[in-house]
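>>> please find the sequence and the predicted model below.
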Amino acid sequence: MPSKLTTPTIQLGDYIVIQRQKYTKLQKFGSLDATATLGKEHLELKSLLDQPYGSTFKMCVKETKAGKRGAQRQHTLELASDNELRSIRDVLNISSSGADNRDISDNGEAQALKSQDIEQLREACNESSKIIEKLVENSKTFHTRTEYSQDKYLLKKEKKYFEFVQIRQPSIRLMADIFHRQDAEKIMGIRVDTLSQIISYSGVSGFGNYLLYESGTNGLLPAAMLNSIGADTEATLVHMHPGNVPQKQALLALKLPLEQQQRCISVNLYSVLREFYQGHKSEATVTSTAAEAEAETPKDENDATTEEQSDIIEPTVKKPKLDESPNAHRSGPLRWQLENKRASDLMHAKFDSLVMAAKEHPSNIIQALLPLVKPSRPVVIFSTCKELLQETFMELKTTGKVTNLHVTSNWLRTYQILPNRTHPEVNMSGNSGYLLTGYTLK
């Protein structure tokens, strides 16, 4: 009998996506005292523990404090019932509407309640439906509006007073949308459609070895490739980066199995190339250094014995220096050295695909990494500047090492899908970078 799939639950240390209507935010649930900020609202997250992903919670006001931008409200979260999640029109039981809006004038006198009355009502009522009900009752023009105009009015008020949030499990698409909306430069302007094109052109699957170089996408690109590789597969990803520490926020947010995470080898580009070309020389140097240390050990035995005896007579406590790390005297290679060795072995075996997303000019990097790719394998280069890709296009075409070269750019426009008013959205993203694709030759 196959085991039933269980819904994953929220645990400490997880990254979660908090969604309030169309707004989404990536947040780490690091401790029971963790809080999240949504505009002027502060949410206590301790009640999320052990709750299933996809649950909807109601924001209950705990206290209100005066702030520079107005009242700052502290909320606790309570699991919402299905009855509370009904549409506002059904809750208010609105049935009448006008034929048109020709007699409605925007003179600011339609609402009988003043702003102070609305603030007092907001502090007294914890439900958005009751606040909107009072606003509708005190509106002189609401029932003379058309049904479409009433829906727009209700949506506008519901957006302002909405008290429900949904907790979702992070996914590649959600994180791509969040990162692109918050600061597109942190992920090099890669939209979700461009990301899908990169994954499609690279041919990532559960078999083979893949090479990725990226210079700052907040971990989005390695996370997308590792997610496409899948769990319990044979594929391995070598993730090269220009800095000392790779960016892995998106990779950690996915909460992939440990064995899948271990098949992503993150190494510094220059360090691993040095290991690849000079690995045997560095190993010989380390061996000779160790032999010299062993040869010098007998000479210092007497001195060491004398020091031990003096310590027995007059024991002293040596304080560690501030610049000494706990692993300063640890024997054996460091983790980055082991990662370099693993990556170097895969580089000798060569890769099944090469993906690059570089802020710098890709020409020198592609010339260094191209010999590491097997023949008839895809090469994908992303850049925010088409001129850099055009220059790289001509260089690759001149060398004859890559064929079927194309420079492309995606164009994306989202649509509003509603009854009798389906149309493209007014705002859209104009550009999401350029792709240079091709296949290697012998």
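Happy to help now that I have it. Numbering: from 1, shown residues only.
>>> so residue 379 touches residue 440, yeah?
Yes. With contacts counted by CB atoms under 8 Å, residue 379 reaches residue 440, the gap being 6.1 Å. Using the backbone N, CA and C atoms, a C-beta is placed for each residue, glycine as well.
>>> what sits in contact with each of those two?
Contact criterion CB atoms under 8 Å, 6 or more residues apart in numbering; residues shared by residue 379 and residue 440: 354, 370, 373, 402.
>>> how many neighbours does residue 61 have?
Residue 61 sits with 15 neighbouring residues when counted by other CB atoms under 10 Å.
>>> and the longest strand for this protein?
strand 56-67 (DSSP state E).
>>> roughly how far apart are residue 369 and residue 341?
In this view, residue 369 and residue 341 are 18 Å apart by CB to CB, to the nearest Å.
>>> more neighbours: the two, which one.
More neighbours surround residue 369 than the other of residue 369 and residue 341, with 21 against 16 (other CB under 10 Å).
>>> helix or strand right after the helix or strand hosting the more buried one?
Assessed by DSSP states H and E, residue 369 sits inside helix 363-369. Next along the chain after helix 363-369, taking DSSP H and E as the criterion, comes strand 378-383.
>>> and that following strand, which residues are buried?
The neighbour-count check on strand 378-383 (16 or more other CB atoms under 10 Å) flags 378-383 as buried.
>>> how many residues are close by residue 428?
Residue 428 has 10 nearby residues by other CB under 10 Å.
>>> what strand or helix carries the nearest residue to residue 376 once chain neighbours are set aside?
Distance criterion CB to CB, 6 or more residues apart in numbering; nearest residue to residue 376, sequence neighbours excluded, is residue 439 at 5.9 Å. For residue 439, the host element (DSSP H and E) is strand 434-440.
>>> show me what that strand is packed up against.
helix 192-202, strand 378-383, helix 386-399, strand 402-408 (3 or more CB pairs under 8 Å, 6 or more residues apart in numbering; DSSP states H and E).
>>> below-threshold pLDDT in the stretch 251-400 of the chain: ranges please.
Applying pLDDT under 70 to the stretch 251-400 of the chain flags the ranges 280-331.
>>> the helices in it, which residues?
Secondary structure of the stretch 251-400 of the chain, counting by DSSP state H, counting those that start in this stretch: helices at 258-262, 269-296, 301-313, 335-349, 363-369, 386-399.
>>> neighbouring strands of the strand holding residue 439 in the sheet, and parallel or not?
Strand pairing for strand 434-440, using DSSP bridges, gives strand 378-383 (antiparallel), strand 402-408 (antiparallel).
>>> and of these, who's closest to residue 51?
Nearest of the strands paired with strand 434-440 to residue 51, taken as CB to CB: strand 378-383 at 38.0 Å.
>>> could you report the distance from residue 369 to residue 412?
29 Å.
>>> sorry, that was for residue 7
Distance, residue 7 to residue 412, using CB to CB: 32 Å.
>>> in terms of neighbours, single out the busier of the two.
Counted by other CB under 10 Å, residue 7 and residue 412 do not tie: residue 412 has more neighbours, with 13 against 10.
>>> for that one, give me phi and psi.
phi -130, psi 140 (degrees, to the nearest 10).
>>> which one is it nearest to, not counting chain neighbours?
Of all residues not flanking residue 412 in the chain, residue 193 sits nearest, at 4.7 Å (CB to CB, 6+ apart).
>>> the one you found contacts residue 409, correct?
No. Here residue 193 does not reach residue 409: they are 10.8 Å apart, not a contact under CB under 8 Å.
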